[in-house]
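no sequence on this one, just coordinates:
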């Protein structure tokens, strides 16, 4: 992980989950992660199948120059990647997979900003995992950032986070390239494709419990 927000929320989430697969929303104390709150978000899976922002930090909303609460997370992604991202979100929820994505924020006519997105499963109550806590953080801060909002995100790589190794911010491994998705298989579960391709490139991070 290259961003402080990604590393801090992952470490905090990993501590909270203990021996379980996902912590509960009630366990989260904002005061314990106050330094990265502006880069954090919580997504909620709704009964209609949509996965929308329940909360979005001020720096995330500022990046897109709009309030994101209530909007679909996959709507931030360019073209056919929206469907792929939706499949990834569902895998995070169903398979309880902590995932990190590398992406490029596309802004203006030609501005490009590397960002890091981490997605971590979360329970809202009981045993059902129906929320995702995560971070979306730029890896640089160019001069144009405050004046030119991002239009879309374009995914460039992803990895399933390994919760059994060393702390994630001590590692510096490259992301795995996205597996190609043939047009006729666009509706296939993208998360399954991720697991098939990325099992050899699991990101070492977290602490064993």
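Okay, I see it. None of the values given here were measured: they were computed from a predicted structure. Numbering: from 1, shown residues only.

phi, psi of residue 28?
Backbone torsions of residue 28, given as degrees, to the nearest 10, read phi -80, psi 130.

got a list of what it touches?
16, 122, 133 (Cβ atoms under 8 Å, 6 or more residues apart in numbering). Quick note: C-beta positions are derived from backbone N, CA and C, even for glycine.

For those, give me a markdown table that also has neighbour count.
Formatted as a markdown table, the contacts of residue 28 follow (neighbours: other Cβ atoms under 10 Å):
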| residue | neighbour count |
| --- | --- |
| 16 | 18 |
| 122 | 26 |
| 133 | 25 |
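
ok, of the residues you listed, which one's closest to residue 114?
residue 133 (21.9 Å; Cβ to Cβ).

ok, longest strand in the protein?
strand 111-125 (DSSP state E).

averaged over its residues, what pLDDT does that one have?
Strand 111-125 comes out with an average pLDDT of 95.

Tell me the bridge partners for residue 53.
Residue 53 has the following beta-bridge partners by DSSP bridges: residue 43.

Next one: it, what pLDDT does it get?
So residue 53 comes in at 98 (pLDDT).

For it, give me its contacts.
Contact analysis of residue 53 by Cβ under 8 Å, 6+ apart lists 41-44, 68-73.

Could you export these as a markdown table, including neighbour count and distance to residue 34?
Output for the contacts of residue 53, formatted as a markdown table (neighbours: other Cβ atoms under 10 Å; distance: Cβ to Cβ, whole Å):
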| residue | neighbour count | distance to residue 34 |
| --- | --- | --- |
| 41 | 22 | 15 |
| 42 | 18 | 16 |
| 43 | 24 | 21 |
| 44 | 18 | 22 |
| 68 | 21 | 20 |
| 69 | 13 | 20 |
| 70 | 11 | 24 |
| 71 | 15 | 25 |
| 72 | 18 | 28 |
| 73 | 26 | 23 |
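
No further queries at this time; thank you.
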